[in-house]
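> need a structure here:
(2 chains)
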Amino acid sequence: MQHPYKTPLWKIFLRNILTSKINIFALSIVCISCLIALCAATGILANQWDVSISDSHTPPSLQHICGTDILGRSVLDKLIKGTEVAMSTGFFVATLSIIIGVVLGVLAGYFGGIVDTCVVWLYSTITSIPNIMLLLSLTFILGKGIVAIYISLGVTMWVGICRLIRGEVIKHKNREYILAASAIGASHFRKLWYHLLPNIWHIIIIQFALIFQVAIKSEVMLSYLGLGIQNSPSWGTMIDEAKTELIRGIWWPFTFATLAMFLIVLAFNLLSDTLRDTLDPKLKKK
Amino acid sequence: MLSVKNLVTTFQTRQGSIKAVDNISFDLPKGSTLGIVGESGSGKSVTALSIMRLIPKDTGKILQGDIIFNGQNITTLTESGMRGMRGNKISMIFQEPMTSLNPVFTVGNQIQETLILHQQLSLQQAQKKAIELLQMVGIPSPEKRIKDYPHHLSGGMRQRVMIAIALACKPDILIADEPTTALDVTIQAQILDLLKNLQKELAMSIIMITHDLGVVAEFCDDVAVMYCGKIIEKAPIHQIFAQPQHPYTQGLIKSIPTFHPEKSHEQRLSTIPGTLPPFHEIPSGCSFQNRCQYAQEACKGLQGTPPLALAAQAHWAACFYPLHPKTHQD
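Modelled structure (predicted):
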C-alpha cells in the first residue's frame, strides 16, 4: 500500500504546480527565461544584438516584432541579452547572499556568545545604512560591470536571510532531538550539518527564489541609475534610455523591458509561494 | 562500574551562582538499577546531564567532584574522548519521545547513525543491525518501519525507537530521564518491561530518573531521593518503602494514592505542605525545614547542614532526626 505521507516532496511540488493554471504559467516563464538566458550566454540567440538592422526607432512591425532602438538595433535581441543579464544576476546574487547569510546565521545562532554578538553587530550595521547608499558606494568602489553588481548586491542582500536563519537555528538547537544527537556522541559539525540544517532547508530554498527576483529588480535599478553594466544591454539601461524617448512617442523599448521584468518577477513570486506551501507544512491550510 | 563522588554542578543565574547539584555521591554496580526520585527542579536531570557531560557550557559547569566510569574519570576527559563515550558506553533516553527524534529523517536513518558513528559499520551492515534493534525493542515488521518518519509513529513506538538508538552500541550504562512520563499508563508498563528485559539481556546498569515512586518500586534496586540538589536519602528499594528515614521521603510515600474502598470517601490524600524553595533562597541548615512537621531548633542551621549519615543498615539519610533509626536501637 502506498503510504499517503511517502510521496516525495518534489512530486507534491509538481502536483501543487500542475493543479493551478497560474502556477503552470509561472513555472513556464521561469523555465523559458532560463532557457533564453542560457542560449544568449552561449551565443545561440541574439549574438548580433549590436548590429544595426534597420532605421533608427522603427516601431514594432511583423519584421521587427519589438521595433528597433536609436542605433537601429533590434529591441528583441536586446531584451534577450537583457534576460541573460537579469537571470545571471538573480542566480549569482541569490547564491552569494544565501551562502553568506546561511553560514553567518547558522554560526551565530548555534554558537551564540561572542560569535553571535559579532554577526548581529555586522548585520545591524549594514541594515542601518540606507540600502541604496550602500549599493552606490559599493559599485563606485568595485567599478562598473556585471561582476561588481553581483558582488555589491550579494554582500548587501544576505542580511534578511541571516536574521531568519539565526532565529530558526536558535529555535531548533534547543529542541530535544539536538540534545539527543549530543547524547549519541555527535560532534558540533555533525549536529549542525546532519541534524539541524535539514530542518531549515525549506527556508533557504524559499529565500533563494525570493532573493532571485529582488536581485533582478535591484540590477534594473542600478542600471537605471547608470551604475550597471556598460557594454551589454540590460532592462535597466533600456528603461533609462526611455527617459528621453518616451516624450517623442517611442514607447516600445520601455514597454517591452518593463513587461519582461514584470513577468519574471511575478513568476518568481508565484513560484516561491508554491514552494512555501509545499515545504512549510505549518502554513498548509488545505 | 560507575561511581559519582562529591559532584557539584553550578549554574550562573542573575541571582548569582546556584548549586543545582550539591555534593552528591553514589555508586552504580554492574547490572543494577538506581532510581533517582525528587520533585521538578530537585537536580535529577542535571545529575544525568553531568554524567553525560552535556551541561550547557555557557551557563553551567561541573565545579568539583569525580565521576569514575570503569576506572576512568569522566570529568577530566577531553571533549572528543567524551563523544566516543556518549551513545557508545553511556547512553541516555529522554522524557519527550515526541521531540527527541529528528523530524526530517527516517527512524532507520537515526538508528544507523549511532552505529556508523561508533562502530564504523558500512551502511548495509548498519541497516541490518537497525532492523535487528527494532525487532529487539518489539516493533512489528521492522523492515518496513525503518523507512518511517517519526511522525508516522505513536509516542510509545517513538520511545521504543529512542531505546533502540540508545542501546545500539550495547552501552554499559543507560540513563533514562523520565522515560515514561509522556506516555499512557499501559504503554508505560510495556516500556518498563522492555527495559527490564533488555537490562538482563545486555547486562547493563540503569539510572532511572523519575518522580513516579510507582516506577521506582517496580523497577529499581536502590533509590536516591533528591531535594534541592542534595541526596537526602539513599537505600535499597524495600527499605525505603518499609521504613523511610527522612520526613520528605515519608511525605512522598504518603502522597501516593492508595485504594481503600471503605475509607476513600472520608480520607483526603496527604500532601507535603509548601513548595520547593528557589535555589537562591534555600535556608541554611536542613533545606527541608520549612516544610517539615518534625523540624526542631537543630534543623535551622545552628548545627550546619545535616550530613548524609547511616541511619540503618545500608540506609543513608540526611536528617538530624531520622524516623526509624536502627543503629541506636541495637
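> pretty sure residue B:276 contacts residue B:43?
No - the pair residue B:276 and residue B:43 does not pass the contact test of C-beta atoms under 8 Å, sitting 10.3 Å apart. In this view, the C-beta of every residue, glycine as well, is placed from N, C-alpha and C.
> which one's more surrounded, these two?
residue B:43 (25 against 17; other C-beta atoms under 10 Å in any protein chain shown).
> and the more buried one, what does it touch?
B:9, B:20, B:21, B:22, B:24, B:226, B:228, B:229, B:230 (C-beta atoms under 8 Å, 6 or more residues apart in numbering or on different chains).
> report how many residues lie close to the residue in chain B positioned nearest to chain A.
Closest residue of chain B to chain A, C-beta to the nearest C-beta: residue B:87 (3.2 Å). Residues contacting residue B:87 under the criterion other C-beta under 10 Å number 28.
> look up how far residue B:256 lies from the nearest residue to it once chain neighbours are set aside.
Spatial nearest neighbour of residue B:87, chain neighbours left out: residue A:184 (3.2 Å); criterion: C-beta to C-beta, 6 or more residues apart in numbering or on different chains. Going from residue A:184 to residue B:256 by C-beta to C-beta, to the nearest Å gives 35 Å.
> between these two, who's got more neighbours?
Set residue A:184 next to residue B:256 and count neighbours by other C-beta under 10 Å: residue A:184 wins out with 24 against 13.
> does that one touch residue B:90 like I think?
No - if you go by C-beta under 8 Å, residue A:184 and residue B:90 don't touch, sitting 10.5 Å apart.
> next, residue B:56: secondary structure please.
Under DSSP: H, G, I helix; E, B strand; the rest coil, residue B:56 falls in the coil class.
> how close does it get to residue A:113?
Counting by C-beta to C-beta, the gap from residue B:56 to residue A:113 is 12 Å.
> same question, residue B:57
For residue B:57 relative to residue A:113 (C-beta to C-beta), the value is 9 Å.
> what does residue A:144 give?
Using C-beta to C-beta, residue A:144 is found at 41 Å from residue A:113.
> mind checking which of those two has more residues around it?
residue A:144 (17 against 10).
> the spatially closest residue to that one that is not a sequence neighbour: how many residues sit nearby?
Spatial nearest neighbour of residue A:144, excluding adjacent residues (C-beta to C-beta, 6+ apart): residue A:230 at 5.5 Å. Residue A:230: 12 surrounding residues under other C-beta under 10 Å.
> residue A:230 sits in which helix or strand?
Under DSSP states H and E, no helix or strand contains residue A:230.
> tell me the pLDDT of it.
As predicted, residue A:230 sits at a pLDDT of 75.
> again, but for residue B:143
Note on residue B:143: pLDDT of 90.
> what's the closest non-adjacent residue to it?
In space, residue B:143 comes closest to residue B:131 once its chain neighbours are excluded; the distance is 5.4 Å by C-beta to C-beta, 6+ apart.
> was I right about the one you found contacting residue B:142?
Yes - taking C-beta under 8 Å as the definition, residue B:131 is a contact partner of residue B:142 at 4.7 Å.
> just confirm residue A:160 is within a strand.
No - Residue A:160 is assigned helix when assessed by three-state DSSP, not a strand.
> pull the contacting residues for the nearest residue to residue B:16 once chain neighbours are set aside.
Distances taken as C-beta to C-beta, 6+ apart place residue B:280 nearest to residue B:16, at 6.5 Å, with adjacent residues excluded. For residue B:280, the contacting residues are B:13, B:15, B:16, B:18, by C-beta under 8 Å, 6+ apart.
> let's have these in JSON lines, adding pLDDT.
Converted to JSON lines, the contacts of residue B:280 look like this (pLDDT from 0 to 100):
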{"residue": "B:13", "pLDDT": "87"}
{"residue": "B:15", "pLDDT": "84"}
{"residue": "B:16", "pLDDT": "86"}
{"residue": "B:18", "pLDDT": "89"}
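> just the buried ones from those?
Listed as buried from those are residue B:18; burial here means 16 or more other C-beta atoms under 10 Å in any protein chain shown.
> okay, and which of the contacts of residue B:280 map to strands?
B:13, B:16, B:18 (DSSP state E).
> just the helices from chain B, written as ranges.
Secondary structure of chain B (DSSP state H): helices at B:44-52, B:79-85, B:107-119, B:123-136, B:142-145, B:155-167, B:185-202, B:213-219, B:237-242, B:247-254.
> now render those helices as a markdown table, adding mean neighbour count and distance to residue A:199.
Listed next are these as a markdown table, based on neighbours: other C-beta atoms under 10 Å in any protein chain shown; distance: least, C-beta to C-beta, whole Å:
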| stretch | mean neighbour count | distance to residue A:199 |
| --- | --- | --- |
| helix B:44-52 | 23 | 23 |
| helix B:79-85 | 15 | 22 |
| helix B:107-119 | 23 | 13 |
| helix B:123-136 | 18 | 22 |
| helix B:142-145 | 16 | 22 |
| helix B:155-167 | 25 | 17 |
| helix B:185-202 | 16 | 27 |
| helix B:213-219 | 19 | 32 |
| helix B:237-242 | 17 | 42 |
| helix B:247-254 | 21 | 40 |
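> relative to residue A:91, which of those is closest?
helix B:107-119 (31.9 Å; C-beta to C-beta).
> what packs against that closest one?
With contacts defined as 3 or more C-beta pairs under 8 Å, 6 or more residues apart in numbering or on different chains; DSSP states H and E, helix B:107-119 has these neighbours: helix B:123-136, helix B:155-167.
> using CSV, lay out the ones in strands among the contacts of residue B:280 together with distance to residue A:60.
Formatted as CSV, the ones in strands among the contacts of residue B:280 follow (distance: C-beta to C-beta, whole Å):
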residue, distance to residue A:60
B:13, 73
B:16, 78
B:18, 78
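> and residue 3, what pLDDT?
All of this is about chain A. At residue A:3, pLDDT is 50.
> if you could check chain B rather than the one you did, that'd help
Per the predicted model, pLDDT is 92 at residue B:3.
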